[in-house]
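1. My questions concern the predicted model and sequence given below.
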Amino acid sequence: MTTTETTPPAASTGAGDYDAVIVGGGFAGMYMLHKMRQLGFTSRVIEAGSDVGGTWYWNRYPGARCDIESLSYQYSFDDSIQQEWNWSERYATQPEILEYARFVADRFDLRSGMQFDTRVTAASYDEASARWNVDTDQGDHYTGRFLIAATGCLSVPRLPDFEGLDSFEGDWYHTGDWPHEGVDFTGKRVGVVGTGSSGIQSIPRIAEQAAAVTVFQRTPNFSVPAHNAPLTPEQRDENKQVFQKLRREAETMIPARAGGPTVIPKAFDLDDDARTERYQKMWDMGGVMFMASCADLLVNKDANDTAAGFVREKIHEIVSDEKVADLLSPHDHPLGTKRLCVDTGYYDTYNNENVSLVDIRNAPIEEITANGIRTADADYEFDTLVFATGFDAMTGALLNMNIQGRDGLRLNDVWEEGPRTYLGLQVVGLPNLFTITAPGSPSVLSNMLISIEQHVDWISDCLEYMRERDLGTIEATPDAQDAWVQHVNEVGDSTLYPQADCWYTGANIQGKPRVFMPYVAGVGPYRQKCDEVASAGYEGFALAKEPAAAAR
Ligand code: N01
């Protein structure tokens, strides 16, 4: 592998030949580019948006925030970033996170290595040259020894195939592809479809403006309060001192359910009063850490029932209309097996006269009409519709790229029955393609910044290892991939996670194969496995010299 003899990029598009073509300019692609530059590899990022930020570039709906605390949701690879950046709130808003991404892009001059407003339309591996050929919707052609998919897990918004949507005479929006200029709901009658995190965050904000909001709910979700607040200068300063230490601890964390922190009790270690007191304490603290109330909430259904019951009681305490509270109370999945939502005023908003809830589980949406929504038992009129209907998660962006590996092997065929990877980093038959935070890695069940940095570092180390040994190709072996997939499934099946119908399993999309995609053992054990694989000379991967035709 050479790093010096690359075709100079064309001035206008950056199209050309690189050590690595990186797809996606979100947090993963940004750090990957930086790392490639640091190591002296040539690379180019291709990004569909007009700027950096990935998911935070697109998801501009009102109320959009991170559900990981901002003091943790930041890069650690260069300490000066966190030393200089000051988060304003416990949970940062989308505009502030996007500003942070821009700050990092400016700091490391990342935009000069990125091709914006450009979408990859095809990527195929040419065995003779041991290169990936990458085509874009701008008609550009890139080649790269490595193709690195930093395409994100929630980057393909999904609009259900509602009949009649074209006939709707008002405006409609998807939360995952929100207009940059924002939407003014003042005086509008708004229909919102979907009550996942995006719906739960946006509904209270929309209701503050709109004349009336009608929420169409198919499945209620569990939500816990964020208890968001401004960060004080003291909190920020203290975090700057301890951030790197805390991050190193978080990177090796073993979940309590898998024998991690023993200070966390199991649910039935506590008597009823003590358990309720603990749930109340965690509820008052706010955020997804509610799931750490007891160590066994995600492995013991009886334990889970106690926490789920606590949240249902809270919903009934907050929502004054009992029928509405009943409708908002989830019963079809264990608490936390769908991504736990974190809200500001979600349940309270149903006490407002301008907000109403429609159950579409029993009376589904039949069609969108010129004036609104028709369900099995009523017609509703709206000026504006908001679809908070989620994403083709985890696999959607990868499958949209028309990836073809050796001998024309199509990723879409290989994954026809669900994604299969080795460590979430590679797929058999697709040499020199790396995926960042793909199925088979902790990814969406972790702080994404931790998982992104770990994958980028691991891939970078691997590329250096190959360069030092003059190796040209790396590919997961079938045995290693089979064993990993089996392990991921076994660990997943030892928890309650697979019991929920949601995007973790592909169940949110009709016809998508049902596979529990993330690796649930935790970032600590996962990192250890990846490090062991690397230390053993990339065990489970086949590494080879460049084909003669490709050597330069
Ligand atoms: O999407 P979702 P989301 N008819 O798939 C409903 C992350 N995120 O965008 O459950 C009627 O969770 C669907 O109903 P059902 C976070 O990880 C993070 O809200 O399928 N309804 C559901 O209610 C999150 O988990 C933040 O029955 C239909 C909703 O639409 C992930 O993104 C903020 C329907 C979709 O919920 C996805 O969240 C926002 C149909 N045909 C998002 N199809 C942070 O805070 C779908 N629905 C970081």
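-> That came in fine, so what should we check first? Numbers count the residues shown, from 1 in each chain.
2. Let me know the helix or strand that A123 is in.
-> When elements are assigned from DSSP states H and E, A123 belongs to strand 120-126.
3. Give me the next element, helix or strand, following that strand.
-> Per DSSP H and E, the first helix or strand lying C-terminal to strand 120-126 is strand 131-136.
4. Please export the C-alpha coordinates of that following strand as CSV.
-> These are the backbone C-alpha positions of strand 131-136, laid out as CSV (Å, rounded to 0.1, in the frame of the first residue of the first chain):
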residue,chain,number,x,y,z
ARG,A,131,-9.7,-0.6,-5.1
TRP,A,132,-13.2,0.6,-4.4
ASN,A,133,-14.9,2.5,-7.2
VAL,A,134,-17.3,5.1,-5.9
ASP,A,135,-19.9,6.9,-8.0
THR,A,136,-21.9,9.9,-6.8
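5. Can you report how many residues neighbour W132?
-> Using other C-beta atoms under 10 Å, W132 has 26 neighbouring residues. C-beta: built from backbone N, CA, C; applies to glycine.
6. Tell me the bridge partners for it.
-> For W132, the beta-bridge partners are Y125, G144 (DSSP bridges).
7. That one contacts L147, doesn't it?
-> Yes: using C-beta atoms under 8 Å, W132 and L147 qualify as a contacting pair, with a distance of 4.0 Å.
8. Name the nearest residue to T262, sequence neighbours excluded.
-> Spatial nearest neighbour of T262, excluding adjacent residues (C-beta to C-beta, 6 or more residues apart in numbering): A256 at 7.8 Å.
9. let me redo that: R102
-> Of all residues not flanking R102 in the chain, V52 sits nearest, at 6.4 Å (C-beta to C-beta, 6+ apart).
10. List the contacts of A483.
-> Residues near A483 by C-beta atoms under 8 Å, 6 or more residues apart in numbering: G540.
11. measure it to E416 for me?
-> With distances taken as C-beta to C-beta, to the nearest Å, A483 is found 21 Å from E416.
12. Contact partners for the residue nearest to T262?
-> Taking C-beta under 8 Å, 6+ apart as the contact definition, A256 lies against T262, I264, A292, A295.
13. Just the buried ones from those residues?
-> Buried positions within the contacts of A256, assessed by neighbour count (16 or more other C-beta atoms under 10 Å), are I264, A292, A295.
14. Now the second one. Nearest residue, chain neighbours left out?
-> Right, A292. Leaving aside its sequence neighbours, A292 is closest to I264 (6.1 Å, by C-beta to C-beta, 6+ apart).
15. which stretches of the stretch 301-450 of the chain form helices?
-> Using DSSP state H, counting those that start in this stretch, the helices of the stretch 301-450 of the chain run over 301-318, 322-328, 346-349, 396-399, 411-414, 448-468.
16. Mind putting these into TSV with mean pLDDT?
-> Below are the helices of the stretch 301-450 of the chain laid out as TSV (pLDDT from 0 to 100):
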stretch	mean pLDDT
helix 301-318	98
helix 322-328	98
helix 346-349	98
helix 396-399	96
helix 411-414	97
helix 448-468	98
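17. which one of those helices lies closest to the ligand?
-> Using C-beta to the nearest ligand atom as the criterion, the shortest distance between the ligand and the helices of the stretch 301-450 of the chain is 8.7 Å, found for helix 448-468.
18. List the buried residues of that closest one.
-> Buried residues in helix 448-468, counted by 16+ other C-beta under 10 Å: 448-456, 458-463, 466-467.
19. dump the residue contacts of the residue nearest to R102.
-> Residues near V52 by C-beta under 8 Å, 6+ apart: G25, G26, M30, A101, R102, V104, A105, L110, R111, M114.
20. what helix or strand does the most centrally placed residue in the chain sit in?
-> In the chain, the C-alpha closest to the average C-alpha coordinate belongs to C153, at a distance of 4.1 Å (C-alpha atoms, centre = their mean). Using DSSP H and E, no element contains C153; it sits outside every helix and strand.
21. From V456, how far out is A388?
-> Counting by C-beta to C-beta - A388 and V456 are separated by 31 Å.
22. ditto for Y279
-> To V456, Y279 is 37 Å away according to C-beta to C-beta.
23. cool, D161 as well?
-> If you measure D161 against V456 using C-beta to C-beta, the figure is 36 Å.
24. which ones are touching the residue of the stretch 251-400 of the chain found nearest the ligand?
-> Per C-beta to the nearest ligand atom, G390 is where the stretch 251-400 of the chain lies closest to the ligand, at 2.6 Å. Under the criterion of C-beta under 8 Å, 6+ apart, the neighbours of G390 are P157, R158, G176, G194, G196, S198, W503, N508.
25. mind listing what the closest residue to the first one other than its chain neighbours touches?
-> Excluding the flanking residues, the one nearest P157 by C-beta to C-beta, 6+ apart is G176, at 3.3 Å. For G176, the residues meeting the contact criterion (C-beta under 8 Å, 6+ apart) are W58, N59, L154, P157, R158, S198, G390, F391.
26. Wait, the first one touches G49, no?
-> Yes: between W58 and G49 there is a contact under C-beta under 8 Å: 6.8 Å.
27. Across the sheet, point out what pairs with F434.
-> For F434, the residues forming beta bridges with it (DSSP bridges) are I148.
28. Check whether V134 really touches A123, as I assumed.
-> Yes: applying C-beta under 8 Å, one finds V134 in contact with A123, separated by 4.8 Å.
29. Near the ligand, which residues of the stretch 301-450 of the chain? Just list them.
-> Taking C-beta under 6 Å from any ligand atom as the criterion, the neighbours of the ligand within the stretch 301-450 of the chain are R339, I360, I365, A388, T389, G390, F391.
30. let's see 8 Å
-> Along the stretch 301-450 of the chain, the residues adjacent to the ligand under the rule C-beta under 8 Å from any ligand atom are 338-339, 341-342, 360-361, 364-365, 387-391, 393, 444.
31. Thanks again, I'm all set now.
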